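Chemist: predicted model, plus sequence, below.
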Amino acid sequence: MAHAAGSPSSGFFYAPFKGNEPSTYALLLKRGEGVDRFGCDQSTAPEMQGGPGMWEHRIIGMCSTASCSLPRHGLVFRAGKSGAYSVYLDNLRLRHAEGRTTPLWTNGKDTCFRPIADSDLFTQVTVTTVPASTVHS
């Protein structure tokens, strides 16, 4: 994960979702259920380290919410403040207890985005794919 220059560096986190229709989507990483390798709870939307354009490898223990069979993945925004967020994700994968991995998202071919209508909380939400090499500080 990385963020762009001028973009807030906290207030968002990756999470799997369950549900097939927008009205039934449910966030699976609730407080205490998605903890990274440093013991930081992802539901608190922790700050990214290293500065804009620096890739941060997050390893997240997901308890029973491991998402290999779930079709929905996304970013959750809990910043509590307005701003223009530019966040980059690359190479999402599930690491199993015995060490093997299952790819969840690898590149643009895996990207699916349903338009999100402007609301009181969010405006101009877009999802695009860019080459990882274009993400830099």
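Modeler: Perfect, I can see it now. A quick note: this is a predicted structure, and the numbers were derived from the prediction, not measured. Residues are numbered from 1 along each chain as shown.

Chemist: so Gln124 makes contact with Asp118?
Modeler: Yes - applying Cβ atoms under 8 Å, one finds Gln124 in contact with Asp118, separated by 7.0 Å. Where C-beta positions appear, they are placed from N, C-alpha and C, glycine not excepted.

Chemist: which other helices and strands contact the least confident helix or strand in the chain by mean pLDDT?
Modeler: Among the helices and strands of the chain, strand 60-61 carries the lowest confidence by mean pLDDT, DSSP states H and E, at a mean of 74. Applying 3 or more Cβ pairs under 8 Å, 6 or more residues apart in numbering; DSSP states H and E, we find strand 60-61 packed against strand 35-36.

Chemist: low-scoring stretches of the protein, by residue?
Modeler: Low-confidence segments of the chain (pLDDT under 70): 62-71, 137.

Chemist: distance from the centroid: which residue in it tops it?
Modeler: Glu98 (24.2 Å; Cα atoms, centre = their mean).

Chemist: hang on, that residue in a helix?
Modeler: No - with DSSP: H, G, I helix; E, B strand; the rest coil as the criterion, Glu98 is assigned coil and is not in a helix.

Chemist: if I look at it, how far off is Ser82?
Modeler: Plainly put, Glu98 is 44 Å away from Ser82 if you go by Cβ to Cβ, to the nearest Å.

Chemist: same check, this time on Asp36
Modeler: In terms of Cβ to Cβ, Asp36 sits 26 Å off from Ser82.

Chemist: check Ser119 too.
Modeler: With Cβ to Cβ as the criterion, Ser119 and Ser82 are 13 Å apart.

Chemist: now do the strands in the chain.
Modeler: With DSSP state E, the ranges of strands along the chain come out as 2-3, 12-18, 26-27, 35-36, 60-61, 72-77, 87-88, 92-95, 101-105.

Chemist: among these, which is nearest Ser43?
Modeler: For the strands of the chain, proximity to Ser43 was assessed by Cβ to Cβ; strand 12-18 is nearest, at 6.9 Å.

Chemist: what angle separates that closest one from strand 101-105?
Modeler: Taking axes from the mean of the first three to the mean of the last three Cα atoms, to 10 degrees, one finds that strand 12-18 is oriented at 100 degrees with respect to strand 101-105.
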